[in-house]
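S.K.: When you get a sec, could you give me coordinates for this:
(4 chains)
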Number of protein chains: 2
Amino acid sequence: MTASRPPTTAEELRGAGLRVTAARVALLETVRAGDHLGVEAIASGVRDRVGHVSLQAVYEALHALTAAGLLRRIEPAGSPARFEGRVGDNHHHVICRSCGAVADVDCARGDAPCLTASDDHGFSIDEAEVIYWGVCPGCSTRRST
Amino acid sequence: MTASRPPTTAEELRGAGLRVTAARVALLETVRAGDHLGVEAIASGVRDRVGHVSLQAVYEALHALTAAGLLRRIEPAGSPARFEGRVGDNHHHVICRSCGAVADVDCARGDAPCLTASDDHGFSIDEAEVIYWGVCPGCSTRRST
DNA sequence: TCAAGAAAACGAATGGTTCTAATTTTGTGG
DNA sequence: CCACAAAATTAGAACCATTCGTTTTCTTGA
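M.R.: Numbers count the residues shown, from 1 in each chain, chains lettered A, B, ... in the order given. As a prediction, this is how the structure comes out:
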């Protein structure tokens, strides 16, 4: 009897070669429902769904899901890591210098590397990561008033 | 009598509104002579020039010189911070996924922000930071052999 | 030269992340 | 259905880069 609930998330995990645990399903759903969450926020979201989960387990699962390509890790300079569920579309990010808010920016090209370096110094480049730095609407109104 | 040696570095510091100390002069020269050095390497270079300097003093000076615009801080995801002396030309970086080597990539535009976001979400963007990820020549030959 | 204030030293702490080793759970083959 | 091996989870400690508070030293401008 395995037809009562839609096992989409679980199937994705299994399809990626990962074992299915309640914590991983909850984690994947939490990250997808959230908006560039940090580790602490993810842990809290996972606990809301499945009870107690250790922080280390969250780190481990984030590592595994990121390596499997189900999650993407972004790490703005000077901030702890954040995770997002949108993968595969090679999009970029705008980050607020004031509050650290992160928003997605679609990539015009879509495929990585979406930019070509003027001089690659012999490197074989596979990705161009773009971070736009600025001030978000909320912070700029707060500043000017 | 102040014409015996070229006081360029000291004048730059003073011009930026900073006090001139042996440690700061040595630090600025170390970073400029080096190639995207980390804090530990900078501290070691400063000590080679002026003797004992505490790590905290190095952090403090790096902070001050970065804020004054004499240095630029880059922080590749998953690595400690590195500093470079080339400022003002809004160039970008190629980073080796294997050994962490950093090389400069000139920006085609030169002025920041050199890219325009497809959708800025209302942010006022002042800089587009581009990091090209790949494998450096040394690491790719090492891998293939 | 002198006093004000900034910078450096010193010592310790903090936060995010990773490691180790032991235990539990999961998927699978008998 | 049961047992086994692989993988996941746990707890705890450790690690690293960075920061903080305080005292001492030094630069600077009057």
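
S.K.: Quick check on the closest residue to residue A:30 other than its chain neighbours: phi, psi?
M.R.: Take residue A:30 and drop its neighbours on the chain: the residue closest to it by C-beta to C-beta, 6 or more residues apart in numbering or on different chains is residue A:45, 3.5 Å away. The C-beta positions use only the backbone N, C-alpha and C, and glycine is treated the same way. For residue A:45, the backbone dihedrals (degrees, to the nearest 10) come out as phi -70, psi -40.

S.K.: pretty sure residue A:45 contacts residue A:37?
M.R.: Yes: contact criterion C-beta atoms under 8 Å: residue A:45 and residue A:37 qualify, at 7.1 Å.

S.K.: for the record, mean pLDDT for the top strand by length along chain A?
M.R.: Secondary structure of chain A per DSSP state E: the longest strand is strand A:124-135. Across strand A:124-135, the average pLDDT comes to 94.

S.K.: buried ones in that strand?
M.R.: A:125, A:128, A:129, A:130, A:131, A:132, A:133, A:134, A:135 (16 or more other C-beta atoms under 10 Å in any protein chain shown).

S.K.: Quick check: neighbours shared by residue A:45 and residue A:37?
M.R.: Counting by C-beta atoms under 8 Å, 6 or more residues apart in numbering or on different chains, the shared contacts of residue A:45 and residue A:37 are residue A:30.

S.K.: need the helices for chain A, in chain order.
M.R.: A:8-15, A:22-33, A:39-50, A:55-67, A:137-144 (DSSP state H).

S.K.: Chain neighbours aside, what residue packs nearest to the residue of chain A found nearest DNA strand D?
M.R.: Closest to DNA strand D within chain A is residue A:57: 2.6 Å, counting by C-beta to the nearest atom of the strand. Among residues not flanking residue A:57 along the chain, residue A:23 sits closest, at 5.9 Å (C-beta to C-beta, 6+ apart).

S.K.: Can you give me the pLDDT of the one you found?
M.R.: 93.

S.K.: what number of residues lie near it?
M.R.: Neighbourhood size, residue A:23 [other C-beta atoms under 10 Å in any protein chain shown]: 20.

S.K.: Near DNA strand D, which residues of chain A are found?
M.R.: Within chain A, the positions lying close to DNA strand D (C-beta under 7 Å from any atom of the strand) are A:18-19, A:21, A:23-24, A:52-54, A:56-57, A:60-61, A:64.

S.K.: hmm, try it at 10 Å
M.R.: A:13, A:16-27, A:43, A:46-47, A:50-65, A:67-68, A:77-78 (C-beta under 10 Å from any atom of the strand).

S.K.: Show the buried residues in those.
M.R.: Using 16+ other C-beta under 10 Å, the buried members of the residues of chain A next to DNA strand D are A:13, A:18, A:23-27, A:43, A:46-47, A:53, A:57-58, A:61-62, A:64-65.

S.K.: What parts of chain A come near chain B?
M.R.: Neighbours of chain B within chain A, by C-beta under 8 Å from any C-beta of the partner chain: A:73-75, A:77-78, A:81, A:92, A:94, A:96, A:103, A:105-108, A:113, A:115, A:117-137, A:140.
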